[in-house]
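I would like to see how this sequence folds:
(2 chains)
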Amino acid sequence: MDRASTDLLADLTARGLIHDTTDRANLETRLASGPMSLYVGFDPTADSLHVGHLVGQLFLRRFQMAGHKPYPLAGGATGMVGDPSGRSDERNLLDLDTLRHNVSRIELQLQRLLDFTPGTAQAVLVNNADWTEPVHLLDFLRDVGKFVTVNQMLAKDSVRSRLDSDNGLSFTEFSYSLLQANDFRHLYEHHGVELQAGGSDQWGNIVAGVDLIRRGLGKSAHAITHPLVTKADGTKFGKSVDGAVWLDPDKTSPYAFRQFWIQVDDVMVARYLEMFSLRPLEDVRATVEAHAEAPEKRLAQRELARELTVMVHGPEAADAADEAAAVLFGADPTQASEAALVVVAREVPSSAMQSAQLDDLLGTLVDTGLASSKSEARRTLQQKGYRANGVQLDENAQLSDIALLHGRYLLLRKGKANHHLVEIS
RNA sequence: GGGUCGGUACCCAAGCGGCCAAAGGGAGCAGACUGUAAAUCUGCCGGCUCAGCCUUCGUAGGUUCGAAUCCUUCCCGGCCCA
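Alright, predicted model coming up:
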């Protein structure tokens, strides 16, 4: 276990997961001396975490695999205030019901990727509302505020950029880092948590906690941040055409989640594998090399998608997503099993129709949403953009001429990746 | 309140009496090529009962054989003056 701990920082470094740490030698020594506790906070700004949060969650997981004790934290209290970090304008406060609901959803997700079975490295889920709500204002000002100077707070990038902007910064958001600092102190005092991790945008908030622990308790704590995940073209990571890629299967289906990773650019796939995969770095590097040999096989993307889909949604959902993709992107849908088509029906837009409706080809294409107007349907037909059960359609095509899959399915496809499954009755 | 410039299709933007469903660029869609990638090239990119017809150029009227283009009303935006 000591060996694992010693290697941990080296492994994280090799994976490009370390942006900044407090005194590195110190941290290394501490890690080598035995298991420690660490925490990462997640604010309930939505009713689900998204792929951008995975790096933080996996940070906890990596430490746990090395024998350390992770404390995933749901920001029931900090979520009420709003973190100004990385934002150019003031957040809208969420109402309490929404917040409570969000916390409960996020707590479920925080329990997915970590090991909660009893043991020295057992994960512990905490919520900062539990120790923040009971605190009285005057106590807070005396016990926390007194250890922090406004001068320091004003020096933070996140604060300064807002002061320079037209949008200003409310006192509420200004105080955010005090709450987070107090979290770290609380966890240090009551749970022996010595390390806080987070994204590089959290550095200021994290070291505020380190400072508070030193000034208030006379103890020394550690901080570590990971780089924020970026995309090759500079656009925000974690957004697909349909919006954010959520971890909640009701918000982003396991199939859509899988596809998000499958469609990662070649230039970024090695980086993402290093950052997200829990497999040993040598294995990851071997995959990347094999990928470079034959990039058209998308080996790296497939490994990445498989591992993360299994991790987040479980092996059954990952199998079903694989199968659906095989039907949709495989050469010949007529070979698909009926079970696979049932999966597909859940994953792509689908509808039920009478066989007579198929006589109206243009109408069907509009009804299924594969064309926004009959004109567009006609144009796309002229451009050979539609297939039905794998057969290319033209303007004179009759859908009724096409053999249904398993006697009742018609799989329509526009272009490469737009599908609609019609069940005929 | 006065003056002035402007409001064109998803976005930017040309057009300034007929050849205008409206140049060009971007975005988007399809095809070729591919690898469910990137790049490139080609086509499309208001609607329909599609060799034709209908509805669009802030709004409502008007002039004209004919208007996105000229005149007037009103609405909205920029700038200057008060």
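
Look at residue A:230 and say how many residues are nearby.
If you count neighbours by other Cβ atoms under 10 Å, residue A:230 ends up with 12. For the C-beta atoms, the positions are set from N, CA and C on the backbone; glycine is no exception.

Same check on residue A:17?
When neighbours are counted by other Cβ under 10 Å, residue A:17 comes out with 21.

Doesn't it belong to a strand?
No - going by DSSP: H, G, I helix; E, B strand; the rest coil, the assignment for residue A:17 is coil, not a strand.

ok, so what distance separates the spatially closest residue to it that is not a sequence neighbour from residue A:302?
Closest residue to residue A:17 apart from its sequence neighbours, by Cβ to Cβ, 6 or more residues apart in numbering: residue A:226 at 4.8 Å. For residue A:226, the distance to residue A:302 equals 25 Å [Cβ to Cβ, to the nearest Å].

Between these two, which is the more surrounded one?
Each of residue A:226 and residue A:302 has its neighbours counted (other Cβ under 10 Å); residue A:226 has more, 23 against 17.

What residues does the residue in the stretch 301-425 of chain A that RNA strand B sits nearest to make contact with?
Nearest to RNA strand B, among the residues of the stretch 301-425 of chain A, is residue A:415, at 1.9 Å (Cβ to the nearest atom of the strand). Residues in contact with residue A:415 (Cβ atoms under 8 Å, 6 or more residues apart in numbering) are residue A:385.

Next up, the contacts around the residue nearest to the spatial centre of chain A.
Nearest to the mean C-alpha position of chain A, by Cα atoms, centre = their mean, lies residue A:51 at 1.2 Å. Going by Cβ under 8 Å, 6+ apart, residue A:51 touches A:237-238, A:244-247, A:257, A:260.

Model confidence for it, exactly?
The pLDDT attached to residue A:51 in the predicted structure is 90.

got it, and residue A:46?
For residue A:46, pLDDT reads 89.

mind pulling up the phi and psi values for residue A:143?
The phi/psi pair for residue A:143 (degrees, to the nearest 10) reads phi -90, psi -30.

neighbours of the closest residue to it other than its chain neighbours, just the number please.
Excluding the flanking residues, the one nearest residue A:143 by Cβ to Cβ, 6+ apart is residue A:216, at 7.2 Å. By other Cβ under 10 Å, 18 other residues sit near residue A:216.

and residue A:216, helix, strand or coil?
Secondary structure, three-state DSSP: residue A:216 is helix.
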